[in-house]
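Chemist: What follows is a predicted protein model with its sequence.
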Amino acid sequence: MPTSLVRRILPITAFAAAAALLLSSCAGTANDDVSDGGGELVWAIEGANLAAGHMDPQTSQLDVSSMVQRVVLDSLVHQEADGSFSPWLAEDWQVSDDSTTYTFELRDDVTFHDGEPFDAAAVKANFDRIVAPETASAQAASMLGADFYAGTTVIDEYTVEVAFTQPYAPFLQAASTANLGFYSPKALEQSVEQLKAGGPGINVGTGPFELTEYTPDQELVYTRNPDYAWGPDGAEAAQFETLRVEILPEASVRAGVLESGEADLASNIPPNLAVDLPDTLTVDSVEYAGLPYSLYLNEDYGVFADEKVRQAFARGIDIDAAVEEIFFGQFPRAWSILGATTPGYDPDLEGSWPFDPDAAEALLDEAGWTDRDSDGVRMKDGERLSVRWIAWTPVPDDRAALGNAIQSDLADIGFEVVREVLEPGAYNEQYGPKTFDLTDWGFSGVDADLLRSHLHTDGFQNASQVSDPEIDALLEQGISVSDPDDRAAIYRQLQQWNAEYTAIVPLYSPSLITASGDTVSGLEYDLYGRPLFYRVALD
């Protein structure tokens, strides 16, 4: 399949801007067909770390957790493709004038898979669980306001109030995600310690499917909830009986089972394989909103304490050439710490810090790294200009190739980069005390508030160890302002600051590439590029 046939489906570029619906080309009149509810859809995913305690989106920071558990966990509101919000488990809501209180009127006809009713008490039980210290939630707790969360109050059986100690503009977006989705109160009472490991009868929600089988590192089996009648945009019970999720870490294996017909759908397909899939398959590429795949330079540990060294590091990498070659033109080079499809993105940064090895060498000279050892590595006061890059396994082949290109480019200017690929336990042993020079990841998110967790002094993902009162103040201002234009102006300041300060080096904006066979119709995607199955029918 030629590169040009990989369909790019872009999420919202601004809350107020209209955007194309995130539907694959196979969605259409087939959505209206009546199905007997039978059949099985096989979905191949990467899913390598689900079994390492990541079955609970309320505690996990991995995208895959939300991706697979979305079919179990419903949310208060649904975010449409244009950025607006529509009813889901909440029929209506009001926001106080100062944006500190959100009052939701809930549906009264929703039940959990175990028969428990969904009501205001269930909302309170879940939200209070997320922020409880013993839950040790990072991402979901941050999305719920963290220290700004003042509590949830049950007004009556189907009315609930969520309050914050200060204006908290990102809450509706957060409330639309699986991270703030709802477990049965009975599950929270009886199985709360098992939610991370997950399993049938444990991860119990109100969603269109119920988790009925789970074999760690192999597969998850979800069975249709026949009573489902409260989905977003009027979605009702699924048109097929079983969703079988096969965990296949090797991308070539995922592509292979799709081509052979053993799977109906495969996600996390890398560009080098996507471009070669046959024309009989539909390939959709949804560019992630959020923080692009980036390098995080730890300024509080080693040589990256010097701003000139950080700037030289960024200028010494030929990002354009590496990204174009390795990702076959499917992933755009990133210029900012917000992706181009994220509200608040600053397009003025495009082209502002190109590959410039001469400038990089001059910066290192100014920083005092003027000598060279026998390996060509720069020296200063008897110390080699060497940094240690820790990466979380598994590392896909394309990112491994990108790492090699970065090492090679920097070696040319006398900057040594030593990469260590670590198992999760070993990685966390170094990530916790921040005993590394740099690390890497991308982070999807539709609201620019995600920068707070990466750049605030107390941010749970502040791998760069930035601690700047002015930056903290901007990040806190960003969540207290409700006007989209005013918020965008704040996040533009943060992007421009990083472009100079170089705490984070953005490399490319990835897409979630999903391919499907002709057995699947009605496939849709959320704003994160994750497949949705509300209107899927199987031939």
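Modeler: Cool, got the structure.

Chemist: what's the first-to-last distance across stretch 323-335?
Modeler: The separation between the terminal residues of stretch 323-335, taken as CA to CA, to the nearest Å, is 12 Å.

Chemist: List the buried residues for it?
Modeler: Residues 323-324, 326-328, 330-335 are the ones in stretch 323-335 that count as buried (16 or more other CB atoms under 10 Å). C-betas here are computed from N, CA, C, even on glycine.

Chemist: and if you look at stretch 292-312?
Modeler: 292-299, 301-304, 306, 308-312.

Chemist: Stretch 279-295 too?
Modeler: Neighbour counts over stretch 279-295 (16+ other CB under 10 Å) mark 281-295 as buried.

Chemist: and what of stretch 451-462?
Modeler: For stretch 451-462, the buried set under the neighbour-count rule, 16+ other CB under 10 Å, comprises 451-456, 459-462.

Chemist: got the end-to-end distance for it?
Modeler: End to end - CA to CA - stretch 451-462 spans 9 Å.

Chemist: Can you tell me what sits against that stretch?
Modeler: Outside stretch 451-462, the residues that touch it by CB atoms under 8 Å, 6 or more residues apart in numbering are 61, 138-139, 142, 291, 296, 337-338, 443, 463-464, 466-469, 471-472, 475-476, 478-479, 491, 494, 498, 503-504.

Chemist: Need phi/psi at the nearest residue to P469 once chain neighbours are set aside.
Modeler: Of all residues not flanking P469 in the chain, T457 sits nearest, at 8.0 Å (CB to CB, 6 or more residues apart in numbering). In terms of degrees, to the nearest 10, the main-chain angles of T457 are phi -50, psi -40.

Chemist: How much space separates T457 from D97?
Modeler: In this view, T457 and D97 are 30 Å apart by CB to CB, to the nearest Å.

Chemist: Give me the distance between the longest helix seen in the chain and the centre of its chain.
Modeler: Determined from DSSP state H, the single longest helix within the chain is helix 484-501. Centroid separation for helix 484-501 versus its chain: 20 Å, with CA atoms, centre = their mean, to the nearest Å.

Chemist: in the stretch 51-200 of the chain, which spans are helices?
Modeler: 63-69, 120-131, 139-143, 171-174, 185-190 (DSSP state H, counting those that start in this stretch).

Chemist: now swap in the stretch 401-539 of the chain and tell me
Modeler: Going by DSSP H, counting those that start in this stretch, the stretch 401-539 of the chain shows helices at 424-431, 450-455, 469-480, 484-501.

Chemist: how about those helices in a markdown table, adding mean pLDDT and distance to E40?
Modeler: Converted to a markdown table, these look like this (pLDDT from 0 to 100; distance: least, CB to CB, whole Å):
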| stretch | mean pLDDT | distance to E40 |
| --- | --- | --- |
| helix 424-431 | 94 | 32 |
| helix 450-455 | 96 | 36 |
| helix 469-480 | 96 | 43 |
| helix 484-501 | 97 | 43 |
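
Chemist: Need the winner for burial among these.
Modeler: helix 450-455 (a mean of 25; mean count of other CB atoms under 10 Å).

Chemist: where does this protein dip in pLDDT?
Modeler: Low-confidence segments of the chain, defined by pLDDT under 70: 1-37.

Chemist: looking at it, which residue ends up farthest from its center?
Modeler: Here the centre of the chain is the reference, and by CA atoms, centre = their mean the most remote residue is S374, at 43.0 Å.

Chemist: and A360, what does it touch?
Modeler: Neighbour list for A360: 311-313, 315-316, 413, 415 [criterion: CB under 8 Å, 6+ apart].

Chemist: so it sits in a helix?
Modeler: Yes: under DSSP: H, G, I helix; E, B strand; the rest coil, A360 falls within a helix.

Chemist: Which one of the buried residues of stretch 279-295 is nearest to S516?
Modeler: Taking CB to CB as the measure, S516 lies nearest T282 of the buried residues of stretch 279-295, at 5.1 Å.

Chemist: For the stretch 1-150 of the chain, just list every one of the strands.
Modeler: 7-9, 40-45, 77-79, 85-87, 90-95, 101-106, 149-156 (DSSP state E, counting those that start in this stretch).

Chemist: With respect to V395, which of those lies nearest?
Modeler: It is, among these and with distance given as CB to CB, strand 40-45, at 17.2 Å.

Chemist: Please identify the buried residues of that closest one?
Modeler: 41-45.

Chemist: ditto for stretch 105-113
Modeler: Across stretch 105-113, burial judged by 16+ other CB under 10 Å covers 105-107, 110, 112-113.

Chemist: Then stretch 207-227?
Modeler: Quick answer for stretch 207-227 (16+ other CB under 10 Å): 207-212, 214, 219-225.

Chemist: surely M67 meets I45?
Modeler: Yes: contact status for M67 versus I45: in contact at 7.2 Å, counting by CB atoms under 8 Å.

Chemist: shared neighbours, those two?
Modeler: What both M67 and I45 touch, as defined by CB under 8 Å, 6+ apart, is the set S267.

Chemist: circling back: now the longest helix of the chain and helix 469-480, what's the angle there?
Modeler: 150 degrees (axes from the mean of the first three to the mean of the last three CA atoms, to 10 degrees).

Chemist: Is the nearest residue to A305 once chain neighbours are set aside in a helix, a strand, or coil?
Modeler: Distances taken as CB to CB, 6+ apart place E299 nearest to A305, at 5.3 Å, with adjacent residues excluded. Here E299 is coil, with the state taken from three-state DSSP.

Chemist: residue contacts, E299?
Modeler: Under the criterion of CB under 8 Å, 6+ apart, the neighbours of E299 are 305, 310, 464-466, 503.

Chemist: ok, the residues you listed vs I406, which is closest?
Modeler: The closest of the contacts of E299, once distances to I406 are taken by CB to CB, is R310, at 14.3 Å.

Chemist: Phi and psi next, for the closest one.
Modeler: Backbone phi and psi, for R310 under degrees, to the nearest 10, turn out to be phi -60, psi -40.

Chemist: Apart from its chain neighbours, what residue comes closest to it?
Modeler: T502 (4.0 Å).

Chemist: what's the one you found in contact with, if anything?
Modeler: 297, 307, 310-311, 313-314.

Chemist: ok, these vs N179, which is closest?
Modeler: L297 (27.3 Å).

Chemist: That closest one reaches Q311, doesn't it?
Modeler: No: with contacts counted by CB under 8 Å, L297 stays clear of Q311, the gap being 10.1 Å.
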